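K.L.:
Based on what follows, work out the 3D shape:
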Amino acid sequence: MDDRRCLQGILFVLYTGITWQQLPLELGFGSGQTCWRRLGRWQAAGVFEALHRILLAELNAAGLIDWTRACVDASHVRAKKGARQPAPRRSTAARPAASTT
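P.N.:
Below is the predicted model of the structure:
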């Protein structure tokens with residue numbers, strides 16, 4: 001299956017929220033399984049990260065990004081080592097009853 005058609009199938013599934021099995025063959029994107037496998041291979045190869053960096057660089061060069069409104073997603077920021085641990089909290093879970101035998 002052509003890479004472009006697989007990418008269209010992947011984007012269709014992500015945009016519509018359908019499952020991979022529900023991807024209609026009539027659209028010409030290949031099977032959902034094919035698109036899903038291709039997505040996994042591309043993700044492992046770093047294709048989407050590279051594409052994201054290229055897109056950001058081109059948009060920035062064209063002056064189309066307002067960096068004053070940027071935010072940082074904590075899932076992509078390394079945590080400081082040695083940061084304070086939160087104080088332990090007392091459990092509010094029910095305790096088993098004492099044995100009466």
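K.L.:
hmm, who's touching the helix or strand hosting Leu55?
P.N.:
Element membership of Leu55, judged by DSSP states H and E, is helix 47-61. With contacts defined as C-beta atoms under 8 Å, 6 or more residues apart in numbering, helix 47-61 is touched by Trp42, Ile65. Heads up, the C-betas are built off the backbone N, CA and C, glycines and all.
K.L.:
What are the buried residues along it?
P.N.:
Across helix 47-61, burial judged by 16 or more other C-beta atoms under 10 Å covers no residue at all.
K.L.:
Do me a favour and average the pLDDT over that helix.
P.N.:
When pLDDT is averaged along helix 47-61, the result is 95.
K.L.:
can I have that helix written out in CSV, keeping just the CAs?
P.N.:
In CSV, the C-alpha atoms belonging to helix 47-61 read as follows (Å, rounded to 0.1, in the frame of the first residue of the first chain):
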residue,chain,number,x,y,z
VAL,A,47,9.0,9.8,11.5
PHE,A,48,6.3,11.9,13.4
GLU,A,49,8.8,13.6,15.7
ALA,A,50,10.9,14.6,12.7
LEU,A,51,7.8,15.8,10.8
HIS,A,52,6.8,17.8,13.8
ARG,A,53,10.2,19.5,14.0
ILE,A,54,10.2,20.3,10.3
LEU,A,55,6.7,21.7,10.5
LEU,A,56,7.6,23.9,13.5
ALA,A,57,10.8,25.2,11.8
GLU,A,58,8.9,26.1,8.6
LEU,A,59,6.1,27.8,10.4
ASN,A,60,8.5,29.7,12.6
ALA,A,61,10.6,30.8,9.6
